[in-house]
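Undergrad: Quick one: sequence plus predicted model below, questions after.
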Amino acid sequence: MRITRPAAVVGTVLVALAATAAPASAHVTIPDPAEKGGFSIVTFSVPNERPDAGTTTLEVKLPEDHPLAFVSVQPKPGWTAETTMRTLDEPVDAFGEEVTEVVDTITWTGGTIEPGQFDTFSLSVGVLPDDVDALAFPTIQTYSSGEEVAWIEEATEGGEEPEHPAPVLELVDPAGGGDESDDATTTTVAADDETASPAGEGSEDGTDGVAVAALVVALIAALLGGAALVSARRGTA
């Protein structure tokens, strides 16, 4: 198949555009939301944005405004996690106990995310706040070339997405919680009960109608049979 020069030029332009557009969307992200006021596994999705270097270090800073009393790191083969702590200005309550020191940063080293690949890193955290809708986890990604990319910028409401946004954990209301859900369930059950009663009555009426129709058909059949018998006798006579 022969490719003409204009087609070749267009193809080259499209490839160039794709190459420049891809890195812009390949951020470090937290894909899944978590429920407010509870515990959750927070997973960071980390793509490698460089064609000639591997990701060798990932440093995640936990939220400062909402300290998380319980943090544990999921073991990851090939990587080593180092945790640093910080002392709180004001202790936080965790199930009746005062917590004065919490995890500040977690740094994974020792492994490599090769060009064209991505990997995930997970934490178990709690207790999540119940008075905010999102938590930011500023992150620094380091490449084998020595380059550092700081994913630390926070988006503003109604504004454009920053060039290097911090990974954000969305917080949602607990599923099935609250009086409104209970009321909705009760209302639905009541509506179903009301619907069931007329349906039962209707089915009885339907049964009577079928019986009457069957009787009429039987009578007609009997009359037709009698008429045929009389006709046959006359023909014989």
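TA: Sure thing, it's come through. Residues are numbered from 1 along each chain as shown.
Undergrad: pLDDT on whichever strand or helix holds Thr107, on average?
TA: Thr107 belongs to strand 97-113 when elements are defined using DSSP states H and E. For strand 97-113, mean pLDDT is 97.
Undergrad: who touches that strand?
TA: 46-48, 54-62, 67-69, 71, 73, 76, 78-88, 91-93, 119, 121, 123, 144 (CB atoms under 8 Å, 6 or more residues apart in numbering). Bear in mind the C-beta positions are built from the backbone N, C-alpha and C, glycine included.
Undergrad: which residues in the chain form helices?
TA: According to DSSP state H, the chain carries its helices in the segments 5-25, 179-236.
Undergrad: so what's Asp119 bridging to?
TA: Beta bridges link Asp119 to Val46, judged by DSSP bridges.
Undergrad: pretty sure it contacts Val46?
TA: Yes: in this structure, Asp119 is within contact of Val46 by CB atoms under 8 Å, at 5.5 Å.
Undergrad: For these two, list the residues in contact with both.
TA: With CB under 8 Å, 6+ apart, Asp119 and Val46 have common neighbours Thr55, Ile113.
Undergrad: Who has more neighbours out of the two?
TA: Val46 (24 against 19; other CB atoms under 10 Å).
Undergrad: least reliable of the helices of the chain going by mean pLDDT?
TA: Note on the helices of the chain: lowest mean pLDDT is at helix 5-25, with a mean of 42.
Undergrad: measure Glu98 to Thr84 for me?
TA: Counting by CB to CB, to the nearest Å, the separation of Glu98 from Thr84 is 21 Å.
Undergrad: what does Pro31 give?
TA: Distance from Pro31 to Thr84, by CB to CB: 26 Å.
Undergrad: And His66, by the same measure?
TA: Per CB to CB, His66 is found 18 Å from Thr84.
Undergrad: the more surrounded of the two?
TA: Ranked by neighbour count (other CB under 10 Å), His66 and Thr84 place His66 first, with 15 against 11.
Undergrad: which ones are touching the more buried one?
TA: For His66, the contact set (CB under 8 Å, 6+ apart) comprises Leu128, Pro129, Val132, Leu135.
Undergrad: care to break the protein down by domain?
TA: Structural domains assigned to the chain are 27-174, 176-237, following automatic domain parsing.
Undergrad: Next, the distance between the ends of the first one.
TA: Meaning domain 27-174. End-to-end distance for domain 27-174, by CA to CA, to the nearest Å: 28 Å.
Undergrad: again with stretch 66-76
TA: This stretch, stretch 66-76, spans 26 Å end to end (CA to CA).
Undergrad: what comes up buried for it?
TA: In terms of neighbour count (16 or more other CB atoms under 10 Å), stretch 66-76 has its buried residues at Pro67, Leu68, Ala69, Val71, Val73.
Undergrad: Hmm, the fourth one is touching Leu123, no?
TA: Yes: counting by CB under 8 Å, a contact exists between Val71 and Leu123, whose distance comes to 6.1 Å.
Undergrad: Ala40: what's it in contact with?
TA: Wrong residue type there; residue 40 is Ser, not Ala. Ser40 sits in contact with Ala34, Ser124, Val125, Gly126, Leu128, Leu169, where contact means CB under 8 Å, 6+ apart.
Undergrad: Please tell me how far it sits from Glu98.
TA: Distance, Ser40 to Glu98, by CB to CB: 23 Å.
Undergrad: One more: Asp131?
TA: Counting by CB to CB, the gap from Asp131 to Glu98 is 20 Å.
Undergrad: the more surrounded of the two?
TA: For Asp131 versus Glu98, neighbours defined as other CB under 10 Å are more numerous around Glu98 (11 against 8).
Undergrad: Just the buried residues out of the contacts of strand 97-113, in ChimeraX syntax.
TA: Of those, the buried ones go into a single ChimeraX selection, burial set by 16+ other CB under 10 Å:
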select :46,47,48,55,56,57,58,59,60,61,62,67,68,69,71,73,79,81,119,121,123
